[in-house]
Structures are given as C-alpha cells and as structure tokens.
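Student: Sequence first, then the predicted structure, then my questions.
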Amino acid sequence: MEFFRIRKDIPFMRHALVFNVVSALTFVAAVFFLFHKGLNLSIEFKGGTVMEVKYPHAANLEAIRGTVQGLGYEHPEVTSFGTARDVMLKLPIVHGAKDAAPGKESANASQKVFEALCKADNGSIKRIDTVSAKGEQIAKNACVDAAGAETVQLNKVEFVGPQVGDELAQNGLNALVMVIIGVMIYLAVRFEWKYAVAAIIANLHDVVIILGFFAYFGWEFSLTVLAAVLAVLGYSVNESVVIFDRIRENFRKQRKASVHEVIDNAITSTISRTIITHGCTQMMVLSMLLFGGPTLHYFAIALTIGICFGIYSSVFVAAAVAMWLGVKREDLIKPVKEKDETDGAVV
C-alpha cells in the first residue's frame, strides 16, 4: 500500500556527513544534560509513598499541593486520575523535614498528610468501624465535616522503599541491555555485522536523546517511561530492518548501481510506507497524550520523541553508518561460482 510513489531517487547519502554531524551534536548535548542535570527519577526508583484520596467535589490540586508542601515535601506530585474528584499523591522520602515522618514509617507519613488534607478541607478526623465483605471488623480514620458526612476519603496507601527502588532501576537497566544484545544478534544473523552495528548505533542514539529530553526539562522518569524507551528500541529496529531489506533487494536487482545509489533508492522507495506506519502510530500516541491523563502523559511524550527520532535515525543514521562501515553487495549476496568446464574430469 502506497499513498504516493517518488519517481526520482532522493540523494540522501550525498548529505550523510551533514546528517551524521547533526546527530553527533544532538547525542553529545543529550549526554551532557544526563550527566549535568540527571534524570528526575520517580518514587518507583527513589522510594516514597503513594496515596489515593477522593473528594466529594472537584479537587483543588494547587491547594492540595500547597498543603503537602507545608509538611516539608518540596516537590510532591499531585495529579487527578479517573475523575476530577480522585487525586493521587506521590510523596518522596523526606528525612528531617518539618512534620515529616521518616521514609520507613509510611503509615505515619500518610496519616499526617491525610490529617493535613482533612484540616484544610474544614474537616476533622474520626474513627469509624466498618464491616468487610468477609464479616471482619475494620477500623479506619475518616475525615468528616460538622454534619458527620465524610469529606476526604483515603482509598489507598502504598510505600516503595529505597532498596526496592534500586532493584527496579537495576532490573530496568538489565532489560535495556538484554534488548540491545538481542537486537544485535538478530540483525547480525539476518543481515551482516555491519548492519547490526549501524542499527544499534542508531537505536542508542534514539534512547539517549529521549533520556536527554527528560533530563533537560526535568520530566519525571518512571517505570512507564522506561517501558516507552524499550518500545522505541523495538520500533526503531523495525524501520531499520525494512530499509536494510530493501537495500539487500536492490543489491540483487541493481547490479550496476553504486552503494550510494542503492541506499538512496531503498530509502526513497520506503518513504510512503514510513509515513503510513509512523503516522498511524503517532495518531494513537497523540490520543494518549491528549486524553490519557497524567498517568500516560510522559509515556506518550517519550513515544512521540522516539517516533520522530526513530524515523530520522533509521534513514539518516543507520543507513549512513552502514555506508561508512563499507557495506557492499558481497556482504549480503554470495558471489556465483563459475562452473568448471572440465567438470572435474582429469586428463
């Protein structure tokens, strides 16, 4: 399926050096921001407390954020999810802050935050005894107003310790390394080692630039963003494989064409397919970005950056690097051996 067909090949490889210089500068800038600013890791990696509260009315996120900051949390994450009445609070571990409990005492910390939210909403804490579905007596602290109606409801409290966060970070790094190794083995077996090296350089280029964006703007790097980075790795490889397949096919068909001409034709002939594939994918990602809420916001941003730079790297980085590495027809197509006229006969 094609939207259009370009009759004349676009000389991409004529400007390969310029594209590679731009990529190198972007890559260096991303690495600089990663080391200079670092990633704004979420509490899944640093450790902290996650609270879910519900209001009988639309919650004032700014007022809630100010209340939590008054307890010593400098950068609390306060977002709505589901409805405007449901609020999620992510509280980093605080040591020595005013009125803030130690990180290990998650229950005490969440209780102090809940009491502060209740007080800010003109309520008071009251002990309520309820019966569970199994008939068990459950006692909980509720925030009620003067009429006895519950105002702020604490639905969920979770705690992620620093050790768990370190383990998640290590597992995430291991997953990234395993994906890279798997991609290199796959490309080396399917094509040739030069293509594997070119594709990995292009894919690492995409990953580092995504991380550089998150470091520069201070966006939260969470497990969902890590999942997006791993998805971008596979997504970019797919585009590189399509172009490499077309290069191999062109080497068979265009016997007299130079390497530059073969690569230019392969990229030009796949442009329509690239626009269809990436355009449809970006439409879905854009819907998550606009309507997915805070939970999917940075996930969609990471995918958007990955899609844009994935196109660029597959066309202008992977193919160009393969060309610089000296890829040639013999790397993909075994030469035909001429038949011996004597056919093994001995005179």
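Tutor: Done, it's in.
Student: Heading C-terminal from the top helix by length along the chain, find the next helix or strand.
Tutor: For the chain, the helix with the greatest residue count under DSSP state H is helix 223-253. Using DSSP states H and E, the helix or strand that follows helix 223-253 in sequence is helix 259-269.
Student: buried stuff in the very next helix or strand once past that next one?
Tutor: Using DSSP H and E, the helix or strand that follows helix 259-269 towards the C-terminus is helix 271-291. For helix 271-291, the neighbour count (16 or more other CB atoms under 10 Å) marks 271, 273-274, 277-278, 282, 285, 288-289 as buried. In short, each C-beta sits where N, CA and C put it, glycine included.
Student: Now pLDDT too, for the residues you listed, in CSV please.
Tutor: Output for those, formatted as CSV (pLDDT from 0 to 100):
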residue, pLDDT
271, 82
273, 80
274, 79
277, 83
278, 83
282, 87
285, 90
288, 88
289, 87
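Student: Those residues: which two are farthest apart?
Tutor: Across those, the longest distance by CB to CB is 25.9 Å; it joins 271 and 288.
Student: Dump the C-alpha coordinates for stretch 260-274 into PDB.
Tutor: The C-alpha trace of stretch 260-274 is given here as PDB (Å, rounded to 0.1, in the frame of the first residue of the first chain):
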ATOM      1  CA  HIS A 260      25.100   5.300  -2.700                       C
ATOM      2  CA  GLU A 261      22.500   4.800  -5.400                       C
ATOM      3  CA  VAL A 262      21.300   1.500  -3.900                       C
ATOM      4  CA  ILE A 263      20.800   3.100  -0.400                       C
ATOM      5  CA  ASP A 264      19.100   6.200  -1.800                       C
ATOM      6  CA  ASN A 265      16.700   4.100  -3.800                       C
ATOM      7  CA  ALA A 266      15.900   1.900  -0.800                       C
ATOM      8  CA  ILE A 267      15.100   4.900   1.400                       C
ATOM      9  CA  THR A 268      13.100   6.700  -1.300                       C
ATOM     10  CA  SER A 269      11.000   3.700  -2.100                       C
ATOM     11  CA  THR A 270      10.100   3.100   1.500                       C
ATOM     12  CA  ILE A 271       9.100   6.800   2.300                       C
ATOM     13  CA  SER A 272       5.400   6.200   1.600                       C
ATOM     14  CA  ARG A 273       5.400   3.100   3.900                       C
ATOM     15  CA  THR A 274       7.200   5.100   6.600                       C
END
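Student: start at 49 instead
Tutor: Sure thing, new numbering starts at 49, so read that last one as stretch 308-322.
Student: May I see the buried residues of that stretch?
Tutor: By neighbour count on 16+ other CB under 10 Å, the buried set for stretch 308-322 is 310-319, 321-322.
Student: again with stretch 349-365
Tutor: 349-355, 357-365.
Student: try stretch 195-203
Tutor: Those would be 199-202, for stretch 195-203 by 16+ other CB under 10 Å.
Student: burial count for residue 275?
Tutor: Residue 275 has 15 neighbouring residues, counting by other CB atoms under 10 Å.
Student: That one: what's it in contact with?
Tutor: Going by CB atoms under 8 Å, 6 or more residues apart in numbering, residue 275 touches residue 347.
Student: cutoff 10 Å now
Tutor: Residues near residue 275 by CB atoms under 10 Å, 6 or more residues apart in numbering: 220, 223, 347, 350-351.
Student: Quick one: residues contacting the spatially most central residue of the chain.
Tutor: The centroid of the chain falls nearest to residue 276 when counting by CA atoms, centre = their mean (2.7 Å). Counting by CB under 10 Å, 6+ apart, residue 276 makes contact with 258, 270, 283, 333, 344, 346-354.
Student: let's go with 7 Å and repeat that
Tutor: Residue 276 is in contact with 347, 350-351, 354, counting by CB atoms under 7 Å, 6 or more residues apart in numbering.
Student: for the chain, what spans make up the strands?
Tutor: Using DSSP state E, the strands of the chain run over 88-89, 96-102, 125-129, 131-140, 172-179, 185-192, 201-208, 268-269.
Student: Just send these back as JSON lines, with mean pLDDT too.
Tutor: As requested, those are exported to JSON lines (pLDDT from 0 to 100):
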{"stretch": "strand 88-89", "mean pLDDT": "82"}
{"stretch": "strand 96-102", "mean pLDDT": "83"}
{"stretch": "strand 125-129", "mean pLDDT": "79"}
{"stretch": "strand 131-140", "mean pLDDT": "82"}
{"stretch": "strand 172-179", "mean pLDDT": "70"}
{"stretch": "strand 185-192", "mean pLDDT": "70"}
{"stretch": "strand 201-208", "mean pLDDT": "79"}
{"stretch": "strand 268-269", "mean pLDDT": "85"}
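Student: Out of those, the one nearest residue 299 is which?
Tutor: In terms of CB to CB, the element of those nearest to residue 299 is strand 268-269, at 41.6 Å.
Student: quick one: strands adjacent to that closest one?
Tutor: Strands that pair with strand 268-269, judged by DSSP bridges, come out as strand 88-89 (parallel).
Student: re the thing from before, which members of the contacts of residue 275 occur in helices, if any?
Tutor: 220, 223, 347, 350-351.
Student: In a markdown table: these, plus distance to residue 156 and pLDDT.
Tutor: Listed next are those as a markdown table, based on distance: CB to CB, whole Å; pLDDT from 0 to 100:
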| residue | distance to residue 156 | pLDDT |
| --- | --- | --- |
| 220 | 30 | 74 |
| 223 | 34 | 79 |
| 347 | 32 | 90 |
| 350 | 35 | 91 |
| 351 | 38 | 91 |
